[in-house]
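A.B. asks: task: produce atomic coordinates for the following.
(one chain, ligands or ions: 1)
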Amino acid sequence: MGLRIVVAADPAAVQYKDVIKADLESDSRVDEVIDVGVQVGDDTLYPHIGVKGAHVIKDGKADRGIFFCGTGMGMAITANKVPGIRACTAHDSFSVERLIMSNDAHVLCLGQRVIGCELARRLAHEFIGYTFDPSSHSKVNVDLINAYESGTGETTPGSC
Ligand SMILES: O=C[C@H](O)[C@H](O)COP(=O)(O)O
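C.D. replies: Down below sits the predicted model:
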């Protein structure tokens, strides 16, 4: 079964969102692309779109997301506020690899004002090619993040 990917952008990055949406729609690794906006001419601000996109993943309707804004940072900050969602900006190939392999992230965030379109396309292509290995040493870190978020873990402001 292929991946279900949600794409989201604010007005500063709708062009990259639409280019990469088209790439994903013709990618054999992808079963479904869900576009939560914005569309050209829609001036909705990124916090609204980032929350909406992250909830698609939280609600189990998508496996991963690729979110876009001017820098990628506003979308990342926003998506991380949705419980259970791990999102980060990554503008180089190694970071994109580690975003999955070390961090088991759900969302790659890209900045249209920061990187060229061809690099953004390449990073999006690479992002969906990685699968987190739950038997790797990285799982303990992801588990600690989740435990802190749920209030069940040992990680507290005074724990180190
Ligand atoms: O992180 C925020 C984004 O880059 C957004 O697209 C632009 O925000 P700004 O207009 O506040 O810089």
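A.B. asks: could you list the low-pLDDT ranges of this structure?
C.D. replies: 159-160 (pLDDT under 70).
A.B. asks: once you drop chain neighbours, what's closest to the residue nearest the centre of the chain?
C.D. replies: Most central in the chain under C-alpha atoms, centre = their mean is V107, positioned 1.2 Å from the mean C-alpha point. Counting by C-beta to C-beta, 6 or more residues apart in numbering, V107 lies nearest to A87, which is 3.5 Å off, once chain neighbours are set aside. For every residue, glycine as well, the C-beta is placed using N, CA and C.
A.B. asks: same check, this time on A79
C.D. replies: A79's closest residue in space is A87 (C-beta to C-beta, 6+ apart), at 3.6 Å.
A.B. asks: what's near enough to touch the one you found?
C.D. replies: A54, G65, F67, M75, A76, A79, N80, A105, H106, V107, L108, C109 (C-beta atoms under 8 Å, 6 or more residues apart in numbering).
A.B. asks: next one: R64
C.D. replies: L3, R4, I5, V6, I57, H106, V107, L108, F127, I128.
A.B. asks: cool, and I49?
C.D. replies: When contacts are counted by C-beta under 8 Å, 6+ apart, I49 is found next to A8, A9, D10, V36, G37, V38, F67, M75.
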